[in-house]
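S.K.: no sequence for this one, just the structure:
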């Protein structure tokens, strides 16, 4: 009998390494993944909305829809962006994707060749990191503090790359309730960042997927809209077209709906659209979210923010009680996580699996968010969206006990 | 004021050309796109199914699901493949995608470098062609007749490519109710194709997305399962692992659900999974389709096949009445289209827009399905899934009149 067929030599040089499927072990106290509150998913509202939509447009499920996705939902996004983020683009300028993750993938695919320099915050959402690695980007972290990326550090990183003959392809930032760090970039920093980016001709990808989850304080103007203010002196003004913007319904409706969106300058957007795989987004989900969002979304966001505020408060209080001055953590005004920093030199990365096993507490360790994949062994992202406030209190106490057992607290 | 930002010099060398969004003009008699029957979409059944699923698992919409997609639906696909296609793989060996289009994209992304030789039937689904072009494949058509790809032509194409130092990366085929040609590959041809492919070490991608839409005759064994029969003499036998298989729910439930699937040898599958953008498929749609398919799918398929059989019969009869012996067309035992061939030398490609305008009849001309993008100007795909039998009869009569006016009939 012949040997089994081998794909050796047939794989693309750009093929990504294998990824195994299968469920990841989750803790009872699941601070690992940025899930929203599972009890606040508006199931009845979505069902009711879907019913109406299907009565009106169910036959259209037989069609292959506009590649950009369901037009009325793009219209809704256009209006929401104008109202909430001072971003004025038409529905035609918006492309829906399967979560903001896919919209980021589309933009990266259009911009990034292997070896291209990509600038990001010093710790950043691992999903974006993975995509940047998939396109073989040279990912470089830029130093941040609690107000966001440091403009001087950004300028230095750009100058360094240029001096190497490799002008960066883009600056990726999550300016609001940054994942995993939890801070929100100040208006001054946003302006400074935009100014630097335009001075050197490096575009910004603004990932604003948590912006609606604000529990305290006032919204900070989007970076995208700052290019339209004409107030940046010599370098700026009036819709420069240097910012790409992505957002999502995952955190305000549900990740399972797989609906995100992008807007970007036309020359980029039309190529990003060509790079989208899977055709237009799921009409079934888009119908439901469109009908539900129209009229219900503001109330719903208010409601979930009340719930999630209590969860955040519970986590921050529990951290204070159990970790005191033996650790530091960020004070997020919104979003779904805080960033825990144990003293320099301690290692909560190698004990991660054991803590999950023995204490039933899950977290994701720092190196998962580091461009170099190794920094931040003393850090962890703690998400508070999934568990109840009581469970969070309990879980943080158990986490502290486990850290004590392991000798890191 | 500064100039508008330019992305000149920032685009990836592999960036696809821009694609404009926007609705395509459709005819009242819409034979252009392979839509299924819009009145047979089981809207009530899907709603009922979704309601049950959300009551049971609605909270899980808060989670980021297994990258391979909703496990119970993969289980369903596994059982369906075993029963209907003699393909025996576990749910773990299956990945769900946003339509079979995305699963093809994932596999191509893993296999194809620019310039790689890809062998396909001489006319083939334009969606696959576009994806192959997106990865800059060197797409070569292989001659077919009404029984499928000619084995000698296939062997010749492989030998030619090898003699150029460029062994083909894969053979793509739609063996059942081929799109756009309408034939079904015979068992003998399937065996011969598999034998040639294994002899030269070139894998096959079997796109079986129309297989459930059979109106006459008996199912033909899948190519995938033939590799397990061990009856291929010296070259074959027992799960060689040289065939990738993709299928879809688009044609048996609705395209708007965006649900397809792939199975492939592990080394390939795990890379394809890593190449998937957008995370796991939409849970909302997967829940509904899983619950609906379990228990209802067979009856539903029987029902839509009855409806679509009548549509096919109407189109074939109308072609006979209006085109007689002045044209040829395929006699599909299933699927959603027939392939119309006007006499060699005539051109129904350049008149396509005018026919749509004046007769309100839509079709897609041959070059859209040709690897070289120019062959087949005397050909068109005519889809019969969307209109009613009466409209089809009317539309074909109008098409013939338009062709007469244009002097091509």
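M.R.: Arrived safely. Note that the coordinates shown come from a computational prediction; the quantities given were computed from them, not determined experimentally.
S.K.: spell out which helix or strand contains residue A:244, please.
M.R.: strand A:243-248 (DSSP states H and E).
S.K.: chain B contacts on the stretch 151-300 of chain A?
M.R.: For the stretch 151-300 of chain A, the residues in contact with chain B (CB under 8 Å from any CB of the partner chain) are A:169-170, A:198, A:201, A:203, A:230, A:234-242, A:254-258, A:265, A:267-268, A:270-271, A:273-285, A:288. Every residue, glycine included, has its C-beta placed from N, CA and C.
S.K.: so which of these are in strands?
M.R.: Taking DSSP state E as the definition of strands, those contribute residue A:170.
S.K.: separate out the buried members of the residues of the stretch 151-300 of chain A next to chain B.
M.R.: Among these, the ones that count as buried by 16 or more other CB atoms under 10 Å in any protein chain shown are A:169-170, A:198, A:201, A:203, A:236-237, A:239-242, A:254-258, A:265, A:267-268, A:270-271, A:273-285, A:288.
S.K.: for stretch A:177-194, measure first residue to last.
M.R.: The first and last residues of stretch A:177-194 sit 18 Å apart, counting by CA to CA, to the nearest Å.
S.K.: could you report the neighbour count for whichever residue of the stretch 51-200 of chain A sits closest to chain B?
M.R.: Of all residues in the stretch 51-200 of chain A, residue A:98 sits closest to chain B, at 2.9 Å by CB to the nearest CB. If you count neighbours by other CB atoms under 10 Å in any protein chain shown, residue A:98 ends up with 30.
S.K.: just confirm residue A:272 contacts residue A:105, I think it does.
M.R.: No. Shown here, residue A:272 and residue A:105 do not form a contact pair, counting by CB atoms under 8 Å, at 9.2 Å.
S.K.: more neighbours, the two?
M.R.: Using other CB under 10 Å as the criterion, residue A:272 and residue A:105 rank with residue A:105 on top: 29 against 26.
S.K.: doesn't that one fall inside a strand?
M.R.: No. Counting by DSSP: H, G, I helix; E, B strand; the rest coil, residue A:105 falls outside a strand, being helix.
S.K.: C-terminal to the biggest helix by length in chain A, what's the next element?
M.R.: In chain A, with assignment by DSSP state H, the single longest helix is helix A:283-323. Counting by DSSP H and E, the next helix or strand C-terminal to helix A:283-323 is strand A:328-329.
S.K.: which residue is the nearest non-sequential neighbour of residue A:275?
M.R.: Spatial nearest neighbour of residue A:275, chain neighbours left out: residue A:109 (4.4 Å); criterion: CB to CB, 6 or more residues apart in numbering or on different chains.
S.K.: measure that neighbour to residue B:64 for me?
M.R.: Separation of residue A:109 from residue B:64 (CB to CB, to the nearest Å): 21 Å.
S.K.: quick one: which of those two has more around it?
M.R.: Per other CB under 10 Å, whichever of residue A:109 and residue B:64 has more neighbours is residue A:109, with 24 against 19.
S.K.: for the stretch 51-200 of chain A, what are the low-confidence residue spans?
M.R.: Residue ranges of the stretch 51-200 of chain A with pLDDT under 70: none are present.
S.K.: go again using 90 as the cut-off
M.R.: A:62-66 (pLDDT under 90).
S.K.: what about the helices in chain A?
M.R.: So, for chain A - with DSSP H - the helices run A:43-57, A:71-85, A:99-111, A:126-134, A:151-163, A:187-200, A:223-226, A:266-275, A:283-323, A:352-359, A:389-405.
S.K.: deepest-packed of the ones you listed, please.
M.R.: Comparing the helices of chain A by mean neighbour count (mean count of other CB atoms under 10 Å in any protein chain shown), helix A:99-111 comes out on top with a mean of 27.
S.K.: relative to strand A:243-248, how tilted is it?
M.R.: 150 degrees (axes from the mean of the first three to the mean of the last three CA atoms, to 10 degrees).
S.K.: name the residues that touch helix A:99-111?
M.R.: Contacts to helix A:99-111, defined as CB atoms under 8 Å, 6 or more residues apart in numbering or on different chains, come from residues A:95, A:97, A:127-128, A:131-132, A:135, A:137, A:169-170, A:205, A:207, A:209, A:244, A:246-248, A:250, A:255, A:258-262, A:264, A:268, A:271-273, A:275-276, B:10-12, B:14-16, B:277-279.
S.K.: wait, doesn't residue A:208 sit right on residue A:176?
M.R.: Yes. Counting by CB under 8 Å, residue A:208 touches residue A:176, with 5.8 Å between them.
S.K.: the more surrounded of those two?
M.R.: More crowded of residue A:208 and residue A:176, by other CB under 10 Å: residue A:176, with 29 against 23.
S.K.: next up, the contacts around the more buried one.
M.R.: Residue A:176 neighbours (CB under 8 Å, 6+ apart): A:184-185, A:208, A:210-211, A:220, A:334-335.
S.K.: what about 7 Å?
M.R.: Each residue near residue A:176 by CB atoms under 7 Å, 6 or more residues apart in numbering or on different chains is listed here: A:184, A:208, A:210-211, A:220.
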